[in-house]
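Engineer: One predicted model, sequence on top.
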Amino acid sequence: MAGDVEDRLEALGIVLPTPAAPAANYIPAVEAGGLLYVSGQLPTGPEGIFAGKLGRDFHIPAGQAAARLAAINVLAQAKAALGRLDRIRRLVRVTGFINGTADFTEPHQVLNGASDFFVEALGDAGRHTRSVMVAVSLPMDAAVLVDAIFEVA
């Protein structure tokens with residue numbers, strides 16, 4: 001599958017970044033019982049962090065771009081933890097936290113940015129269960145935070 005994933009990422013024009021170091025007292029990923037748990041990742045990239053609140057500072061399309069960026073960072077952490085992407089059998093679960101105003105009611109639309117990326121990158125193995133919620137605030141005022149659980153070989 002790694003070749004397929006690597007080929008898909010290349011076709012999408014995506015080079016996985018160097019994974020971010022933890023910002024607090026935790027580790028980026030833990031492998032246990034045939035699963036890889038990846039800690040929540042923020043939408044950070046070459047320009048810095050995508051920060052702000054959905055429903056106030058920007059709307060769904062920008063939030064989807066932030067969620068996609070966070071998902072790219074999840075996959076980068078997975079690759080760093082596993083050594084190679086062909087160990088991923090499937091994406092089991094995604095959780096998204098959306099930094100939004102109290103009246104922002106479309107967090108599920110925002111998280112589609114991450115979900116769509118995972119399917120683009122992993123194919124059918126990227127289809128997953130998920131939960132999403134609006135948060136009052138996130139670390140560094142990040143627009144989103146995305147974590148994931150992968151089944152691995």
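Structural biologist: Structure's in. What do you need?
Engineer: can you map out the strands along this structure?
Structural biologist: Per DSSP state E, the chain has strands spanning 29-32, 35-41, 44-45, 48-49, 88-99, 129-135, 144-152. These are given in chain order.
Engineer: Quick one: closest of the ones you listed to A71.
Structural biologist: With C-beta to C-beta as the criterion, A71 lies closest to strand 144-152 of these, at 5.5 Å. (Each C-beta comes from the backbone N, C-alpha and C, glycine too.)
Engineer: Report all helices and strands that the closest one contacts.
Structural biologist: strand 35-41, helix 60-82, strand 88-99, helix 107-122 (3 or more C-beta pairs under 8 Å, 6 or more residues apart in numbering; DSSP states H and E).
Engineer: Throw those into a markdown table and include mean neighbour count and distance to A148, thanks.
Structural biologist: Converted to a markdown table, the helices and strands packed on strand 144-152 look like this (neighbours: other C-beta atoms under 10 Å; distance: least, C-beta to C-beta, whole Å):
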| stretch | mean neighbour count | distance to A148 |
| --- | --- | --- |
| strand 35-41 | 20 | 5 |
| helix 60-82 | 22 | 5 |
| strand 88-99 | 22 | 5 |
| helix 107-122 | 22 | 8 |
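Engineer: Out of those, flag the one nearest V146.
Structural biologist: helix 60-82 (4.0 Å).
Engineer: Now do that closest one and strand 129-135, the angle between them.
Structural biologist: 120 degrees (axes from the mean of the first three to the mean of the last three C-alpha atoms, to 10 degrees).
Engineer: Any idea how far helix 60-82 is from the middle of the chain?
Structural biologist: 3 Å (C-alpha atoms, centre = their mean, to the nearest Å).
Engineer: How about stretch 7-26?
Structural biologist: 9 Å.
Engineer: circling back: as TSV, the strands of the chain with distance to H59 and mean pLDDT would be great.
Structural biologist: Shown next, in TSV, are the strands of the chain (distance: least, C-beta to C-beta, whole Å; pLDDT from 0 to 100):
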stretch	distance to H59	mean pLDDT
strand 29-32	32	98
strand 35-41	22	98
strand 44-45	20	95
strand 48-49	18	95
strand 88-99	12	98
strand 129-135	14	98
strand 144-152	13	98
